[in-house]
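Visitor: I would like to see how this sequence folds:
(chains A and B)
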Amino acid sequence: MATVPAAAPSSRDAVRIKVIQHCPYEVDSQLCKFCVDPDLTGYHVLRNLITRAFDLKGDFHTCYLTRDEKAPESQAIWVPLLSDFDLEVAFVKASDPYLLVKVEVSGANNGSWDAMDLTRLSLPDLPRHTYPAKLPGLFKEKMEKTLSLVQKALSWTEDGNDEDSSQPPRPPLTDAEFQQMLNRVGQLSQPDHLRQCVYQGGLEPALRKVVWKHLLNVYPEGLTGRERLDYMKQKTNDYLGLRTVWQQHLTKDEVSSSFQEINRRNATERMCTQEVSEEVRYVTNMVRKDVLRTDRHHPYFSGSDDNSNIQSLYNILTTYALNHPSVGYCQGMSDLASPLLVTMREEAQAYVCFCALMARLSSNFHIDGEAMTLKFQHLTEALIFYDWDFFSYLQYHQADDLLFCYRWLLLELKREFAFEDALHMLEVLWSSLDPQPPAETLPLCEVAFNPVKKEQQPPPPATPRQSHYANVCALRRQLSSVSNRSSESLAAILCRRAASVDCDSGDRVPGGKRLSRTMSQPTSACLNKARSSGEGVAGVARIREEEGIGGWSSPEDSPTRTTRRIRNLREFQLLTRNKDSDSDTSTPNSPCRASKDKKGEDWKPPPLTSNKLNCGTTTSRRCFSDSDADVGVPVYCDGGEVDVWQNPVAALSPEADAQLQIICQEERPATFTCHHASVTSPSPVTNNSHPENNKEEGGTTAAMTGSVNSCEEVTESCVTGWQVTVSAAQSTPTIPPPPEEFGGGNPFLMFLCLTLLLQHRNHIMQNKMDHNELAMHFDKMVRQHNVAKVLAQARRMFDAYKKLDFSKGRPKNSPSPADQSC
Amino acid sequence: MSYAYLFKYIIIGDTGVGKSCLLLQFTDKRFQPVHDLTIGVEFGARMITIDNKQIKLQIWDTAGQEAFRSITRSYYRGAAGALLVYDITRRETFNHLTQWLEDARQHSNSNMVIMLIGNKRQHSNSNMVIMLIGNKSDLDSRREVKREEGEAFAREHGLVFMETSAKTAANVEEAFINTAREIYEKIQEGVFDVHNEANGIKIGPQHSPSGAGLTGNPGAAGGQGGGCC
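Guide: The predicted structure follows:
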């Protein structure tokens, strides 16, 4: 049995291998991915796998892509893979994040191969003659492998691979499997089953062209195979019609534009035409510029600017923009359309898919910025829920606006993975959504573009466009802690999770530590704003003995209950429940109610984990025992007393009045214990979760890093905790929004984003990256994320999330996309 | 890598004027016509030497499209220098300069005046050094904006001006380095408060005074134990 050689990668984890079969005359090469155990897989095993994967009949050559770490420049080179020795070298030198193997059937011309995305892989060059000489031992051991090991390796799909947690739950859906999902007339009998399969393992690349149209909701329900063909034919004609209109107009316009200078003010009619032309010109100029810099490293778009595929992308985007005046063109759309075109390889079909995709995503580009704001909000909420430590770290570094995730949310992570990986990620993402087939037919235009009768059209987007993102950013900028227009719920969560400091308790930390950073003033401001606007407020009512209870107006419950002092969190949690069902001060839509307590008006940011100005003196800071704040939020003093605070979210849920809105979190894993969380009843917290870590302080780094070591841990432990929690059919307001709302209806996207954050949080915190540095860090990860790992973890989190009980978890009037106006 | 100072730059200007190409030319010394279009913000960094001092430039390359303007704005804060870029072959990119300039001055570190010794800018209380760049100077045949126009605009608004070509690399080094030099001089003159990160300047870890805590800059404290906050 082969053992782990010293020179091998430390863990000798399963190695991901991506095999591409080079087909000289096709843009898309065949691709196959699998994981192997480097200790079990020799050269011949690999060849067997490849033979099976591509159904190869004849002889073939293999080579792999590698690099030279010493070379400063990023250049990759194909190195022949001819023996066990070569393979071992490849495992050691070139398997991170995956080993890319190229297969060429003998006799095939390998001329154009190097055009394939090498730049993207950014693997530096390894000259062939510089094989490391340290591997003979490995080679020898390889040769000793037994047949049983070979067989074991070959049967990985059947056995599953327990060790490799990033192994997808199932292999990519094959054509044969897909055919079985169609009945005799070609109807897709179980769309949900299809989605389930794709969600778990993606698609074989060759199947994408067909199945993506199902996943993207191009087809109305129940079409037969024949009908689908006719449908697409019709759509193709419709598209060509739409395209022709602006193309002809553009041509005319260009012809007439030579007269433009002279005749500018001539005829009204001309003016009218001219105006539309302005719009067309604006759109076409923008689009032209952008298609020339969209995925040009992909073979499909590479080469000269005359590449007809680039023209196709241009046509798609221009047609879309001109026929969807409420959306228009916005940068980023080309990134969304490009994978569709590469996969469909046909302009009209890609356009139809793009319309289907944009039916869901156009709101990302809307000028009001609402959709993006909501996604930012939900991501923030999710981060607060799943990793408060990291959130407070970001907050401390003023990066909690999460603006560095902008591209993730806008493009649904398309750019965060290498192109082929992105295709896989996208199909998994789409499959996570419920089918939403168009009722009768998928509209290809909002308002057909009419170059002449301008007045019949809705006003085109302003030129230059208003900043559709203005709301998002303005708010996020101002609210350095949490952004958002409808931040009521967020504020509530913050209150609960982060909350805080009891100023009156006199429980000051020795040493005069003060939390000087008032992280949530903006939130408070927002709350006030929301309150004044009648939106309802995250009323975190601070109850003080001396001030009484003006705020509690629950008929059954409250006025008598003014202040409680409790010594243990559990009790605190029990007490923390909805006390206020009175609806006269807040709209039903508001997740929390405004407290009438005047103190509520002064509600201040929950204390921070970090003390920006004065934290130098202590290593174990207790954030909520700090006190310069007049904080109208729950207070939990270590070992001391607790001011009960009103659970603002629960307050809105009338039926919850009688229930204890708590979560029992005895089983809460250590990974989740963060000091701040202790206040937040609904969050997974233990009573002993007192702050002992202060990330900003060198002395406590260890504590911090010990808190969460792996995202998987977090995820899983979280699941455990939550299962316990939910068992009582009591839910907590802090759980993320239900699937139909979360992430604007795309909850899986939230978990993908969350995964990216969590997978880097330790690195970021250990290196004490400031907001510039961490934004740069994520920026450098463009196209570099490991799709298998990310998907695996996101799936785990998502699956756990789906088991949550949302029925009472959030106030039923919790923010939904429709409720977001502010 | 150690450095005496870190300067944060931001590159702004209309879409397609070559901002990302300028950055890439500066950081990687290559021209890549087919880079990705920028969504939001991207980054680059490079070390330069001024006055025998290692200076790290941390450069934020922003998306030019109006739709991203507000996200761009959020990055002005804490920038010591801005490269304001237009395309000499597209008049409209020059016409939009005023807007960009307003934006830059409005959103930059304008509330830093407390510690300022001398404020030389008439138009704004921002000390951000702004370099006006007319890019694509290699495309002289398609020029729509005369060099003199750029110079005049720069003079009027108190900017430094250069014409560059990201393609041929002409003046690219100079643009970035001259900006750094201006900032450096301002530091020397005491115009910039180097202890305030909001000015876009950081003192390198090993150059910090012992009371590193004063900088309020945990990121800079990477190398020092306990120097948090």
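Visitor: which parts of chain B are strands?
Guide: Ranges of strands in chain B, per DSSP state E, are B:5-13, B:41-50, B:53-62, B:81-87, B:129-135, B:160-163, B:201-203.
Visitor: what's the closest of these to B:Ala169?
Guide: Closest approach to B:Ala169 among these is made by strand B:129-135 (11.7 Å; C-beta to C-beta). Yep, even glycine has a C-beta here, placed from its N, CA and C like the rest.
Visitor: and that closest one with chain A, contact?
Guide: No: on the criterion C-beta under 8 Å from any C-beta of the partner chain, strand B:129-135 is out of touch with chain A, staying 14.1 Å away.
Visitor: picking that back up, A:Arg345 is nearest to which of the strands of chain B?
Guide: Each of the strands of chain B has some distance to A:Arg345 by C-beta to C-beta; the shortest is strand B:41-50, at 29.8 Å.
Visitor: next, the buried residues of that closest one.
Guide: Buried residues in strand B:41-50, counted by 16 or more other C-beta atoms under 10 Å in any protein chain shown: B:41-46, B:48, B:50.
Visitor: out of these, which is nearest to chain A?
Guide: Set against chain A, the nearest of these by C-beta to the nearest C-beta is B:Phe43 (4.3 Å).
Visitor: you'd agree A:His324 is up against A:Ser362?
Guide: Yes: using C-beta atoms under 8 Å, A:His324 is in contact with A:Ser362, at 6.9 Å.
Visitor: same drill for those two, tell me which one is more crowded.
Guide: A:His324 (22 against 19; other C-beta atoms under 10 Å in any protein chain shown).
Visitor: pLDDT score assigned to the residue nearest to the more buried one when sequence neighbours are not counted?
Guide: In this structure, A:His324 finds its nearest non-sequential neighbour in A:Glu446, 4.4 Å apart by C-beta to C-beta, 6 or more residues apart in numbering or on different chains. At A:Glu446, the model reports a pLDDT of 93.
Visitor: what does A:Pro451 give?
Guide: 78.
Visitor: quick one: which helix or strand includes the spatially closest residue to it that is not a sequence neighbour?
Guide: Once flanking residues are discounted, A:Pro451 sits nearest to A:His249: 3.8 Å by C-beta to C-beta, 6+ apart. Here A:His249 sits within helix A:225-263, counting by DSSP states H and E.
Visitor: okay, buried residues for that helix please.
Guide: By 16+ other C-beta under 10 Å, the buried positions in helix A:225-263 come out as A:228, A:231-232, A:235-236, A:238-239, A:242-243, A:245-247, A:249-250, A:253.
Visitor: pretty sure B:Arg69 contacts B:Ala104?
Guide: No: using C-beta under 8 Å, B:Arg69 is not in contact with B:Ala104; the gap is 11.3 Å.
Visitor: state the pLDDT value of residue 131.
Guide: Using chain A. In this model, A:Tyr131 is scored at 37, pLDDT.
Visitor: right idea, wrong chain: chain B
Guide: For B:Met131, the pLDDT comes out at 95.
Visitor: so how far is A:Lys209 from A:Leu317?
Guide: Separation of A:Leu317 from A:Lys209 (C-beta to C-beta, to the nearest Å) stands at 20 Å.
Visitor: could you give the residue of chain A that lies closest to chain B?
Guide: A:Asp770 (2.9 Å).
Visitor: and that residue, how many residues sit next to it?
Guide: Neighbours of A:Asp770 under the rule other C-beta under 10 Å: 23.
Visitor: separation between it and B:Ser74?
Guide: Distance, A:Asp770 to B:Ser74, by C-beta to C-beta: 15 Å.
Visitor: what do you get for A:Tyr199?
Guide: Here the criterion is C-beta to C-beta. By it, A:Tyr199 lies 35 Å from B:Ser74.
Visitor: what's the answer for A:Phe354, then?
Guide: Distance of A:Phe354 to B:Ser74, given as C-beta to C-beta: 30 Å.
Visitor: is it true that A:His61 lies in a helix?
Guide: No: using DSSP: H, G, I helix; E, B strand; the rest coil, the secondary structure at A:His61 is strand, not a helix.
Visitor: who's it bridged to?
Guide: With DSSP bridges as the criterion, A:His61 is bridged to A:Glu104.
Visitor: likewise for B:Arg46?
Guide: In this entry, B:Arg46 is beta-bridged to B:Leu57, by DSSP bridges.
Visitor: check which helices and strands the stretch of helix or strand A:Arg195 belongs to sits against.
Guide: Taking DSSP H and E as the definition, one finds A:Arg195 inside helix A:191-201. Applying 3 or more C-beta pairs under 8 Å, 6 or more residues apart in numbering or on different chains; DSSP states H and E, one finds that helix A:191-201 contacts helix A:175-181, helix A:208-215, helix A:419-431.
Visitor: deepest in the core, which of those is it.
Guide: Greatest average neighbour count among those goes to helix A:419-431 (a mean of 24), per mean count of other C-beta atoms under 10 Å in any protein chain shown.
Visitor: is that one in proximity to chain B?
Guide: No: Helix A:419-431 lies apart from chain B when judged by C-beta under 8 Å from any C-beta; the minimum separation is 11.4 Å.
Visitor: who has more neighbours out of A:Phe354 and B:Ser74?
Guide: More crowded of A:Phe354 and B:Ser74, by other C-beta under 10 Å: A:Phe354, with 26 against 20.
Visitor: now the nearest residue to that one once chain neighbours are set aside: how far from A:Ser312?
Guide: Of all residues not flanking A:Phe354 in the chain, A:Ala337 sits nearest, at 4.9 Å (C-beta to C-beta, 6+ apart). Separation of A:Ala337 from A:Ser312 (C-beta to C-beta) stands at 9 Å.
Visitor: quick one: common contacting residues for those two?
Guide: Here A:Ala337 and A:Ser312 share the contacting residues A:Ala350, scored by C-beta atoms under 8 Å, 6 or more residues apart in numbering or on different chains.
Visitor: pick out whichever of those two has more residues nearby.
Guide: Between A:Ala337 and A:Ser312, counting by other C-beta under 10 Å, A:Ala337 is the more crowded of the two (25 against 22).
Visitor: tell me the angle of the helix or strand harbouring the more buried one relative to helix A:208-215?
Guide: In this structure, A:Ala337 sits in helix A:333-344 according to DSSP H and E. Put simply, helix A:333-344 runs at 120 degrees to helix A:208-215, going by axes from the mean of the first three to the mean of the last three C-alpha atoms, to 10 degrees.
Visitor: from the contact counts, what lies against helix A:333-344?
Guide: The contact analysis (3+ C-beta pairs under 8 Å, 6+ apart) places helix A:333-344 against helix A:208-215, helix A:268-291, helix A:308-323, helix A:347-361, helix A:419-431.
Visitor: looking at these, which has the lowest confidence?
Guide: Ranked by mean pLDDT, these end with helix A:268-291 in last place, scoring a mean of 77.
Visitor: which residues of the chain score low on pLDDT?
Guide: With no chain named, the answer covers chain A. Within chain A, the ranges that satisfy pLDDT under 70 run A:1-13, A:22-29, A:68-75, A:106-164, A:253-276, A:453-733, A:808-822.
Visitor: that's the wrong chain, I wanted chain B
Guide: Within chain B, the ranges that satisfy pLDDT under 70 run B:1, B:109-126, B:206-229.
Visitor: fine, thanks again, bye for now.
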